[in-house]
Each structure stands twice: as C-alpha cells, then as structure tokens.
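*Asks:* here's my sequence, what's the structure:
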Amino acid sequence: MLGLPFILLGLCTGIFSGLIGLGGGALLIPALIYLFGFTQYQAQGTTLAIMVPPIGLLAAWVYFKQGHVDIKTTAYIISGFFIGGYLGAKLAVHIPEQVLRRVFGGFLTIVGIKMLF
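*Replies:* Numbering: from 1, shown residues only. This is a model prediction of the structure:
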C-alpha cells in the first residue's frame, strides 16, 4: 500500500477543499514538503499536475519537463481528493458560515507561521 498515505492526503485535502474552499497550494504543498520530503519544486509541480484540468496544464507541463512532477503521487492524491471534495462539501453546507470563516482563517494562519519558520 505504498500509495495509501498519498490517497489519504488527497482525501483530507478534498475534504478541506469542499469544506472551506482550501486545497491545492495552501494544503498540498506544505504537506508534500513537511510530511513526504518533497522539494518546493516537486511539491509545486506535483500540485499543479493534480489541479491540471483546467487550472495548471501549461505550468505543470513546464515542471514535468524539468522532472519535478511525481506522476504516481499525483494519481494517488487525485483519487483521494475526488472523494474528499465531495465529503467536505456535504459537511460544509451544514456548518454556519461564520464557523467556516474562522476555521479557514485559523488554518491559513497556522500554515503561514509554519512556512515562515
């Protein structure tokens, strides 16, 4: 089950995306760097590949040509992200907007502090 951690990352990212509209860069990039040891380039390239249709096709292609996209990881995360996005959205519509706003702001603050230090 080599891909299971990446599928779980995709699932969690999908849930956050559906729940508070947070996903790609704000969650995947730090997770790939700090949890999986990716370089910043690899994390950005892989995240762009995940978000390709239609967001980052040309940008992901540039990273891919330089060898900075992990295709296997991309496929695993997409599988979890697909289901997680649905689950997060189902949950979000039942949470008051003010609570979602605070969760989003708190998470961005934590990620920002972590990225600074």
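
*Asks:* now do the helices in this structure.
*Replies:* Using DSSP state H, the helices of the chain run over residues 4-20, 29-34, 40-50, 57-65, 71-92, 97-116.

*Asks:* name the residue closest to the centre of the chain, please.
*Replies:* Central residue of the chain (Cα atoms, centre = their mean): Leu28, 3.1 Å from the mean position.

*Asks:* so where's this protein shaky on pLDDT?
*Replies:* 1, 23-24, 52-56 (pLDDT under 70).

*Asks:* C-alpha coordinates for stretch 45-65, CSV please?
*Replies:* Output in CSV follows, covering the C-alpha atoms of stretch 45-65 (Å, rounded to 0.1, in the frame of the first residue of the first chain):
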residue,chain,number,x,y,z
GLY,A,45,4.9,20.7,-9.8
THR,A,46,3.0,17.8,-8.4
THR,A,47,0.3,20.0,-7.0
LEU,A,48,-0.1,21.7,-10.4
ALA,A,49,-0.4,18.3,-12.1
ILE,A,50,-3.1,17.4,-9.6
MET,A,51,-5.0,20.6,-10.4
VAL,A,52,-4.4,20.3,-14.1
PRO,A,53,-7.9,20.2,-15.5
PRO,A,54,-8.1,23.0,-16.4
ILE,A,55,-6.0,25.2,-14.0
GLY,A,56,-2.4,24.3,-14.4
LEU,A,57,-1.9,22.4,-17.6
LEU,A,58,0.8,24.6,-19.1
ALA,A,59,2.5,25.3,-15.8
ALA,A,60,2.5,21.7,-14.8
TRP,A,61,4.0,20.8,-18.2
VAL,A,62,7.0,23.1,-17.5
TYR,A,63,7.6,21.4,-14.2
PHE,A,64,7.1,18.0,-15.7
LYS,A,65,9.7,18.7,-18.4
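
*Asks:* I am finished for the moment; much appreciated.
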